[in-house]
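predicted model follows, preceded by the sequence.
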Amino acid sequence: MACQANFTGASGWAWTTASDIAGNATATCQSRIIADKDAEAPRTAQVAIPQDTNPPKKELRREMRRLVKTLHHGSPMVLQLLRDWLAGQPRVATISAYAPLPGEVDVTPLVMEFPHLRWVFPRVEGNALVLYRISDPASDLEPGAFDIREPKADLPVVDLFHVDAFLCPGLAFDEYGGRLGRGRGFYDRLLEHARGDAVKVGVCHKEQLVPHTYGEAHDVVMDRVISG
């Protein structure tokens, strides 16, 4: 069953209908809403989550690293949900995606399926991620830092200001929109400088959904999490 969690309203419970790809049936997924997108609180503000009933962030990251190693790139349900979401986003012209590490959902097939979009992928340069435009993942990506495929250096650089949406990987995501990264802070540093109206979408397998990610003040919150 595929589940799409939306974080776009006041505190409470929301229901989202998604298609079960395997059985072609309709499934209803339950998700927690965290905050109105128009609220005055910054998106990088710390989420007030009780800590006494959850493992420390360091231990959660260790557990999720072990779990993700057992998962596979392929996720037809997540890709279908992403297709559906993209089809309903007429204002998205430039979108940032990623080449997956082992166990992460592979979103690269979407590049060829939505050629009218301007796709950008991150390349590690020093302590920052720089976004480069790509047209074909098969020919435009090469092995890079941390064994991640990244854009070739001779491709066009795209300014962060032009990016309308971000597809973000992670070790885990929670019902508050929190994201647990791998500890280096690359995505948090990238996203904190993104446009305020740019949509941040977490992408993961259902096994990567956790009660909370032990969010801290510097952790950027997702606007939406798509999993399956």
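Perfect, I can see it now. Numbers count the residues shown, from 1 in each chain.

all contacts plus neighbour counts: C-alpha atoms, from now on.
Will do.

run through who's touching stretch 58-73.
100, 102-106, 171-172, 180-182, 208, 213 (CA atoms under 8 Å, 6 or more residues apart in numbering).

from the residues you listed, which two are the most distant?
106 and 213 (22.0 Å; CA to CA).

residue 121: which element?
strand 118-125 (DSSP states H and E).

and that strand, what does it pack onto?
Counting contacts by 3 or more CA pairs under 8 Å, 6 or more residues apart in numbering; DSSP states H and E, strand 118-125 packs against strand 94-96, strand 128-134, strand 149-151.

highest average neighbour count across those strands?
strand 149-151 (a mean of 24; mean count of other CA atoms under 10 Å).

so what does that strand touch, helix or strand wise?
Against strand 149-151 (3+ CA pairs under 8 Å, 6+ apart) you get strand 118-125, strand 128-134, strand 141-143.

any chance of those in CSV, plus distance to residue 153 and mean pLDDT?
Converted to CSV, these look like this (distance: least, CA to CA, whole Å; pLDDT from 0 to 100):
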stretch, distance to residue 153, mean pLDDT
strand 118-125, 8, 98
strand 128-134, 8, 97
strand 141-143, 9, 97
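
could you dump these to a markdown table with distance to residue 222?
Formatted as a markdown table, the helices and strands packed on strand 149-151 follow (distance: least, CA to CA, whole Å):
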| stretch | distance to residue 222 |
| --- | --- |
| strand 118-125 | 18 |
| strand 128-134 | 18 |
| strand 141-143 | 26 |
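
for residue 164, find the nearest of these.
strand 118-125 (10.0 Å).

any weak-confidence spans in the protein?
Filtered on pLDDT under 70, the chain yields the residue ranges 1-55.

wait, isn't residue 210 in contact with residue 175?
Yes. Between residue 210 and residue 175 there is a contact at 7.4 Å, judged by CA atoms under 8 Å.

give me the more crowded residue out of the two.
residue 175 (21 against 17; other CA atoms under 10 Å).

how close does that one get to residue 224?
With the distance defined as CA to CA, to the nearest Å, residue 175 ends up 10 Å from residue 224.

could I get the full set of helices for the chain?
Under the criterion DSSP state H, the chain contains helices at 57-68, 76-87, 109-113, 137-140, 186-191.

the last one packs against which elements?
This points to helix 186-191. strand 128-134.

contacts for the strand it packs on next, please.
96, 118-124, 140, 151, 155-160, 186-187, 189-190.

by how many degrees do it and strand 118-125 diverge?
Angle, strand 128-134 to strand 118-125, by axes from the mean of the first three to the mean of the last three CA atoms, to 10 degrees: 140 degrees.

just checking the distance from strand 128-134 to the centre of its chain.
16 Å (CA atoms, centre = their mean, to the nearest Å).

again, but for stretch 64-80
That offset, for stretch 64-80, works out to 13 Å (CA atoms, centre = their mean).

now stretch 218-228
Centre to centre, stretch against its chain (CA atoms, centre = their mean), the figure for stretch 218-228 is 6 Å.

can you pull the buried residues of it?
219, 220, 221, 222, 223, 224, 225, 226, 227, 228 (16 or more other CA atoms under 10 Å).

can you tell me which of the residues you listed is closest to residue 164?
residue 223 (12.6 Å).

returning to that earlier point: out of residue 106 and residue 213, name the residue with the larger neighbour count.
residue 213 (28 against 23).
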